[in-house]
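# Quick one, what's the 3D model for this:
(one chain, ligands or ions: 1)
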Amino acid sequence: VNETSQPIELLVGIDRESPRTLGAQIEDQLRAAIREGRLAPGARVPSTRDLARQLGISRRVAVDAYAQLAAEGYLALRQGARPEVAATGPPLERTPPPAPPASANGAPRLRHDFRPSVPDVSAFPRAAWLKALREAVNEIADADLAYADPCGVDALREALADYLGRVRGVVADPARVIVTSGYSQGLGLVCRALASTGATTVAIEDPSNPEQRDIAVRGGLTPTRLPVDEQGARADELRADAVVLTPAHQHPTGVVLSSERRAALIANPAIKIEDDYDAEYRYDRAAVGALQGLDPERVVYAGSTSKTLAPALRLGWLVVPAHLHDAIANEKRLADIGTARIEQLALARFLERGELDRHLRRMRARYRARRDALVEALHEHLPDAEIKGIAAGLHATVELPSGDEAEIARRAREARIGLNTLADYETAAPHPPTLVLGYAQQSEPAIRAGVKALAAALRT
Ligand SMILES: Cc1ncc(COP(=O)(O)O)c(C=O)c1O
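Below is the predicted model:
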């Protein structure tokens, strides 16, 4: 059937004053019509040429909008055939998520959510990911559907080597990339590999995420503490076989490792495990390259998609020194025979097409605005607080001039305000009462309201 032989009309309008692009407006209306059943599975829709004519827009806009809807599973497009609504009906992934239960873990629902460590997952690029995933399913070779290299799919290791070299200054040969199911798995693999080659101790920054100590112990290493000050990890106190570091943005203090400390750490023979967890988010300071770029044979570089896309993906990577490669690859093989390969290929396509760059550009602007809203609101409602670590990342540390940290945490809990305090990060060091506030997950008005509520809760 000729695509244009019988024009059909469709009730789609466009508003040239709207901030939404013309293509997005067409997509929105067609999605809604299909979801609401106004356009049934199999129903014909106008050809792109007819739609462009009806709306007085360029055909390109219509073609792109249809391609997007097809990628999401709403439309079926076949060469030479009329476009129609997909026979399977609206895709499930667009179903609005159910409201969170009143109590997910027995705790009351939060009124204000400043919990750090999670990006704005509501902005997960569903359409672009779905497109990459469809491509991956279509393209994956039969051999790749069987058991294959536990270190990962070649296409992803190549795409990661390119991306990390370009964006983070990592010296990355694809042969040194090991795909993991996230940073946490990667850390465990490295600890076990180090233990198998004779290491006994690993220094962990104080403060830092508490799970790391447990992971190190499970990995057969004894964790020791490495204090952090305003220049970052105290290199002069490092006396362990290995050390876990967050050089670009210390977690959680937000301190950037100074160049003197970088040099001192590089001079120390310990194996450095670099957790580059949120370095893509930088707002008002120059890029800080990865430590790995200075000494690729003694630094294990680790990253994941948990801060850039969503923790649910469980996709991460290691770039490893040559002498540790086989030991770490062996641990990966014993752990799970390799990370899910279709998802790996999807991430490769996503990176190759520049989708991650595009997503990060959008998210950086969003997070910067949220960070600014947080800082402004803190200045207004808690003017004596000292705000730190805000040049990068997705959270701020806020030192209060007085008060008891445990009592402050209790009051925040009572007011149903989700946040962390420094005590949540396994610190042995004396410190002023300090809040760790994530700003990624709430809109600017919600951030302002949350800070106001927090200040009120602290005053009572
Ligand atoms: C300091 C730090 N590193 C890494 C990660 C990412 O861990 P994963 O990739 O296992 O989700 C997180 C997540 O919260 C984190 O806070």
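# what ranges do the helices span in the chain?
Under the criterion DSSP state H, the chain contains helices at 22-35, 48-55, 59-71, 126-139, 142-145, 154-168, 183-196, 211-218, 259-267, 322-336, 341-352, 355-381, 405-414, 444-459.
# Contacts only, for Ala263.
Listed by CB atoms under 8 Å, 6 or more residues apart in numbering, Ala263 has no contact partners. All C-beta spots, glycine's among them, are computed from the backbone N, C-alpha and C.
# let me fix that: Ala365
Contacts here follow CB under 8 Å, 6+ apart; on that basis Ala365 touches nothing.
# The same query, at a cut-off of 10 Å, please.
For Ala365, the contact set (CB atoms under 10 Å, 6 or more residues apart in numbering) comprises Tyr283.
# Could you report the pLDDT at it?
pLDDT recorded at Ala365 is 95.
# circling back to that earlier point, turn the helices of the chain into TSV, columns for distance to Glu230.
Below are those laid out as TSV (distance: least, CB to CB, whole Å):
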stretch	distance to Glu230
helix 22-35	45
helix 48-55	58
helix 59-71	48
helix 126-139	39
helix 142-145	48
helix 154-168	24
helix 183-196	25
helix 211-218	22
helix 259-267	11
helix 322-336	32
helix 341-352	35
helix 355-381	19
helix 405-414	20
helix 444-459	25
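# Which of those sits closest to Thr397?
Thr397 sits nearest to helix 355-381 of all the helices of the chain, at 11.3 Å, using CB to CB.
# so where's the stretch 301-450 of the chain shaky on pLDDT?
Filtered on pLDDT under 70, the stretch 301-450 of the chain yields no residues whatsoever.
# Tell me the residues of it that contact the ligand?
Applying CB under 6 Å from any ligand atom, one finds that the stretch 301-450 of the chain approaches the ligand through 304, 306, 311, 316.
# Export those residues as JSON lines, with columns for neighbour count.
Converted to JSON lines, those look like this (neighbours: other CB atoms under 10 Å):
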{"residue": "Ser304", "neighbour count": "24"}
{"residue": "Ser306", "neighbour count": "21"}
{"residue": "Pro311", "neighbour count": "16"}
{"residue": "Gly316", "neighbour count": "23"}
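# Just the ones of these in strands?
Those of those mapping onto strands are 304, 316, per DSSP state E.
# Show the low-confidence segments of the stretch 101-250 of the chain, by residue range.
Along the stretch 101-250 of the chain, the parts satisfying pLDDT under 70 run over 101-107.
# Spit out the contact partners of Arg298.
242, 265-266, 268-272, 291-292, 321, 323-324.
# If you could redo that for Leu77, that was the one I meant.
By CB under 10 Å, 6+ apart, the neighbours of Leu77 are 3, 45, 48, 63, 66-67, 69-71, 83-84, 86.
# Not counting sequence-adjacent ones, nearest residue to Leu454?
Setting aside the residues directly before and after it, Leu454 is nearest to Ile417 in space (CB to CB, 6 or more residues apart in numbering), at 5.4 Å.
# For that neighbour, name its beta-bridge partners.
Taking DSSP bridges, one obtains His112 as the residues bridged to Ile417.
# Measure how buried it is and give me the count.
24 (other CB atoms under 10 Å).
# Verify the stated contact: it with Gly438.
No - using CB atoms under 10 Å, Ile417 is not in contact with Gly438, being 11.8 Å away.
# can you tell me how far the residue nearest to Leu454 sits from the ligand?
With distances taken as CB to the nearest ligand atom, to the nearest Å, Ile417 is found 20 Å from the ligand.
# Name all residues that make contact with that residue.
For Ile417, the contact set (CB under 10 Å, 6+ apart) comprises 110-115, 409, 411, 435, 437, 450-451, 453-454, 456-458.
# Now list the buried members of those residues.
Among the contacts of Ile417, those classed as buried by 16 or more other CB atoms under 10 Å are 110, 112-115, 409, 411, 435, 437, 450-451, 453-454, 457-458.
# between the residues you listed, which is nearest the ligand?
Nearest to the ligand among the buried ones among the contacts of Ile417 is Arg115, at 10.3 Å by CB to the nearest ligand atom.
# count of neighbours near the closest residue to the ligand within the stretch 1-150 of the chain?
Proximity of the stretch 1-150 of the chain to the ligand (CB to the nearest ligand atom) peaks at Ser117, 3.7 Å away. Using other CB under 10 Å, the number of residues around Ser117 comes to 19.
# Touching, it and Gly418? I think so.
No - between Ser117 and Gly418 there is no contact under CB under 10 Å: 11.1 Å.
# For the nearest residue to Pro432 once chain neighbours are set aside, list each beta-bridge partner.
Nearest residue to Pro432, sequence neighbours excluded (CB to CB, 6+ apart): Glu399, at 4.8 Å. As for beta bridges, Glu399 partners with Glu386, Thr434 under DSSP bridges.
# can I assume Glu399 is in contact with Ile408?
No - checked against CB under 10 Å, the pair Glu399 and Ile408 is beyond contact range at 11.5 Å.
# Need the residues touching each of the two.
Common neighbours of Glu399 and Ile408, using CB under 10 Å, 6+ apart, are 433-435.
# Common neighbours of Ser117 and Gly418, please.
By CB under 10 Å, 6+ apart, the residues touching both Ser117 and Gly418 are 438, 441.
# from the contacts of Leu77, which is closest to Val137?
Among these, and counting by CB to CB, the member closest to Val137 is Ala71, at 12.5 Å.
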